[in-house]
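Student: predicted coordinates and the sequence they were generated for:
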Amino acid sequence: MPERLKPLLEANRQWAAEMERKRPGFFTRLAQQQNPRYMWIGCADSRVPANEITGLDPGEVFVHRNVANVVVHSDLNALSTIQFAVEHLKVEHIIVVGHYGCAGVRAAMRGMRIGLADNWLRHVQDVRLRHRKRLEHLPAQAQEDALCEMNVIEQVGNVALSTVVQDCWARGQPLALHGWVYAVTDGLLKDLGVTMKAPEHVIPVFGAAIKRYPRPPAATAGSEDDSTFGPGVVPAP
């Protein structure tokens, strides 16, 4: 075994022993049932661990992570995970969580080439193009921060329009969707005010959330409204 891996296994043994000491029977109970109320869809960034950030134990949050916390209708991995969470685990809340300083969002914002992931990040570039009139007048860092937030809002909309969630709501199963963003610099989560609990919430909630990012006055008159949700729709230049 590589020497660099041995400390990880030793730390694991210490952690398991400490958990059992503090909470006898913890792992026995955990092995018997997975019953989370929450699903977390987040970025794969190693600085954003769902359990630690929210103070939840293993088994209390069901997690799916990928580059730049993207959810699209062609990603069967994400959709299968959402279906399992909704139909089998009966989660009550799905939370899409982005984070400031996201390398994927930065690459999409700046048009940087990073490799194979460029194809995946086209989804984030679509968000940037769709809302560019709400971004281009901002300073560079503010643009990136706003795009991190807008990307979360868009992905909440994508989750809401998925067949899994639409079917869930159609059969009357309670499920709420939320969008948060995490600040690596202080460890705090921010609620982006994009909670959706029914199909009729999707368009008005999305529109209200996007309109919090104003265009400059010169870009407002006669411009195309980009606050009505439509996946993959990019306004003409």
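Tutor: Perfect, I can see it now. Numbers count the residues shown, from 1 in each chain.
Student: the residue nearest to Met112 when sequence neighbours are not counted - how many residues pack around it?
Tutor: Among residues not flanking Met112 along the chain, Arg106 sits closest, at 7.2 Å (Cβ to Cβ, 6 or more residues apart in numbering). All C-beta spots, glycine's among them, are computed from the backbone N, C-alpha and C. By the measure other Cβ atoms under 10 Å, the count of residues near Arg106 is 18.
Student: distance of Arg106 from Val194?
Tutor: 22 Å (Cβ to Cβ, to the nearest Å).
Student: for the residue lying closest to Gly101 once chain neighbours are set aside, what are its contacts?
Tutor: Among residues not flanking Gly101 along the chain, Val184 sits closest, at 5.6 Å (Cβ to Cβ, 6+ apart). Contact analysis of Val184 by Cβ atoms under 8 Å, 6 or more residues apart in numbering lists Arg47, Val48, His99, Tyr100, Gly101.
Student: shouldn't the third one be in contact with Trp180?
Tutor: When you say that, I think you mean His99. No. The pair His99 and Trp180 fails to qualify as a contact (Cβ atoms under 8 Å) at a distance of 9.3 Å.
Student: from memory the residue nearest to Met112 sits against Leu121, does it?
Tutor: No. Applying Cβ under 8 Å, one finds Arg106 not in contact with Leu121, separated by 9.9 Å.
Student: check Asp145 and give its pLDDT.
Tutor: Looking at Asp145, its pLDDT reads 98.
Student: can you check Met150 too?
Tutor: For Met150, the model assigns a pLDDT of 98.
Student: so who does His64 touch?
Tutor: Met39, Trp40, Ile41, Gly42, Asn77, Ala78, Thr81, Ile82.
Student: which helix or strand contains the spatially most central residue of the chain?
Tutor: Nearest to the geometric centre of the chain sits Val96, at 2.8 Å (Cα atoms, centre = their mean). For Val96, the host element (DSSP states H and E) is strand 93-99.
Student: likewise Leu189?
Tutor: strand 188-191.
Student: and what of Val156?
Tutor: Here Val156 is assigned to helix 140-161, by DSSP H and E.
Student: from the chain's centre, how far out does that helix sit?
Tutor: With Cα atoms, centre = their mean, to the nearest Å as the basis, helix 140-161 stands 9 Å off its chain's centre.
Student: over to stretch 210-220?
Tutor: 24 Å.
Student: count of neighbours near Arg29?
Tutor: Arg29 - counted by other Cβ under 10 Å - has 11 other residues nearby.
Student: that one: what's it in contact with?
Tutor: Contacts of Arg29 (Cβ under 8 Å, 6+ apart): none.
Student: before we move on, back to that, out of the contacts of Val184, who's the most crowded?
Tutor: Per-residue neighbour counts (other Cβ under 10 Å) across the contacts of Val184 peak at His99, which has 22 neighbours.
Student: excluding its backbone neighbours, what's nearest that one?
Tutor: Tyr182 (4.2 Å).
Student: one more: Val61?
Tutor: Tyr38 (4.7 Å).
Student: so what's the one you found up against?
Tutor: Thr54, Leu56, Glu60, Val61, Phe62, Val91, Glu92, His93, Ile94, Ile95.
Student: quick check: the gap between Asp191 and Lys211.
Tutor: Distance, Asp191 to Lys211, by Cβ to Cβ: 17 Å.
Student: give me the number of residues near Leu116?
Tutor: 6.
Student: backbone dihedrals for it, please?
Tutor: The phi/psi pair for Leu116 (degrees, to the nearest 10) reads phi -60, psi -30.
Student: much appreciated, bye for now.
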